[in-house]
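A.B. asks: Got a sequence here, can you build the structure:
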Amino acid sequence: MTTSSAPSFCGQCGTQHIADSAFCTNCGTPRPIVAAAPASQPSTAAVAQPIAPDASVPGDASLPPQREYIIALLLSIFLGTLGVDRFYTGHIGLGVGKLLTFGGFGIWALIDIILYATRSVTDVQGRPLI
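C.D. replies: The predicted structure is shown next:
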């Protein structure tokens with residue numbers, strides 16, 4: 001693998017590559033192999049630009065759609081002691097915990113209603129509820 005003096009960036013996550021690394025140190029995707037230019041010609045290898053967070057990335061197809069906060073709030077109000085709201089947002093372990101403790105004897109369920117009402121809860125991927 002050859003390197004050029006110009007910085008290069010990962011096409012998947014936008015992190016700047018470390019010289020002589022075969023993979024991105026942030027997301028682990030393989031770096032493209034760039035052929036060395038002859039000494040008489042400058043390198044014409046294009047430098048990948050960082051990807052905007054809202055840009056469509058081919059790997060995004062595996063992510064479930066974002067959850068709606070109003071549905072999570074209603075589930076928390078009516079079925080919060082059973083943990084259904086946490087199952088909905090993808091927090092399976094927290095949902096099981098709420099289910100086994102009946103919503104922390106009601107206290108955990110009440111706190112979750114407040115958290116959903118103030119939009120303080122994210123889904124399992126860390127995305128805000130819409």
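
A.B. asks: Please tell me how far Ile71 sits from Leu129.
C.D. replies: 9 Å (C-beta to C-beta, to the nearest Å). (Glycine included, C-beta is placed from N, CA and C.)

A.B. asks: Run a quick neighbour tally on Thr29.
C.D. replies: For Thr29, the count of nearby residues is 14 (other C-beta atoms under 10 Å).

A.B. asks: does the nearest residue to it once chain neighbours are set aside count as helix, strand or coil?
C.D. replies: Spatial nearest neighbour of Thr29, excluding adjacent residues (C-beta to C-beta, 6 or more residues apart in numbering): Gln12 at 4.4 Å. Under DSSP: H, G, I helix; E, B strand; the rest coil, Gln12 falls in the coil class.

A.B. asks: So for Ile71 and Leu129, which sits in the more crowded spot?
C.D. replies: Per other C-beta under 10 Å, whichever of Ile71 and Leu129 has more neighbours is Leu129, with 19 against 14.

A.B. asks: check contacts around that one.
C.D. replies: Contacts for Leu129 (C-beta atoms under 8 Å, 6 or more residues apart in numbering) come out as 66-69, 72, 89, 116, 119, 121-123.

A.B. asks: can you tell me how far it sits from Glu68?
C.D. replies: 6 Å.

A.B. asks: does Leu99 sit in a helix or strand, and which one?
C.D. replies: Leu99 belongs to helix 92-100 when assigned by DSSP states H and E.
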